[in-house]
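Colleague: Sequence and predicted structure below; questions after.
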Amino acid sequence: MATQQAQVLAHLQSGQTLTPMQALDQFGSFRLATIIHRLRADGHNILTEIPATGKKYAIYRLATGPVMDALMPEPPAPARQVLASWH
């Protein structure tokens, strides 16, 4: 059986979004935010959307290619230097 982390990653890589309730239902995961944190630490670009419905929950999706480029424009030169010094 695949780990919950592997299941979540495969789900996101298939182009689908994922909410905590879906993760509980589909993968038995009570701690989706922790799994997302670990996947980000492994280098996966996962975006978080908080719907404007008044309910407090996250919708996660994997950012790839043009989507990531559109959401994360190149920072100005001083910011690039600061970001580079963090690695």
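Modeller: That came through fine.
Colleague: When you work out contacts or count neighbours from here on, use the C-alpha atoms and nothing else.
Modeller: OK.
Colleague: Who's the closest spatial neighbour of residue 19, skipping the chain neighbours?
Modeller: residue 59 (4.8 Å; CA to CA, 6 or more residues apart in numbering).
Colleague: show me what contacts that neighbour?
Modeller: Going by CA atoms under 8 Å, 6 or more residues apart in numbering, residue 59 touches 17-20, 48-51.
Colleague: Need the buried ones from those residues selected in PyMOL.
Modeller: Burial among the contacts of residue 59 is assessed by 16 or more other CA atoms under 10 Å; the matching PyMOL selection reads:
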select buried, resi 17+18+19+20+48
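Colleague: CSV please, covering the contacts of residue 59 and showing distance to residue 36, pLDDT and secondary structure.
Modeller: Formatted as CSV, the contacts of residue 59 follow (distance: CA to CA, whole Å; pLDDT from 0 to 100; DSSP: H, G, I helix; E, B strand; the rest coil):
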residue, distance to residue 36, pLDDT, secondary structure
17, 12, 95, coil
18, 10, 96, strand
19, 11, 95, coil
20, 11, 96, helix
48, 10, 93, strand
49, 13, 92, strand
50, 15, 90, coil
51, 18, 87, coil
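Colleague: Could you measure from the residue nearest the centre of the chain over to residue 54?
Modeller: Geometric centre of the chain, nearest residue: residue 46, 2.2 Å, by CA atoms, centre = their mean. Applying CA to CA, to the nearest Å, the value for residue 46 to residue 54 is 22 Å.
Colleague: Ok, residue 2 next?
Modeller: Using CA to CA, one obtains 34 Å as the distance from residue 2 to residue 54.
Colleague: go on, residue 62?
Modeller: Going from residue 62 to residue 54 by CA to CA gives 24 Å.
Colleague: Compare the two (neighbour count), which wins?
Modeller: For the pair residue 62 and residue 54, the greater number of neighbours falls to residue 62 (20 against 7), based on other CA atoms under 10 Å.
Colleague: Next, give phi and psi for that one.
Modeller: Here is the backbone geometry of residue 62 (degrees, to the nearest 10): phi -80, psi 130.
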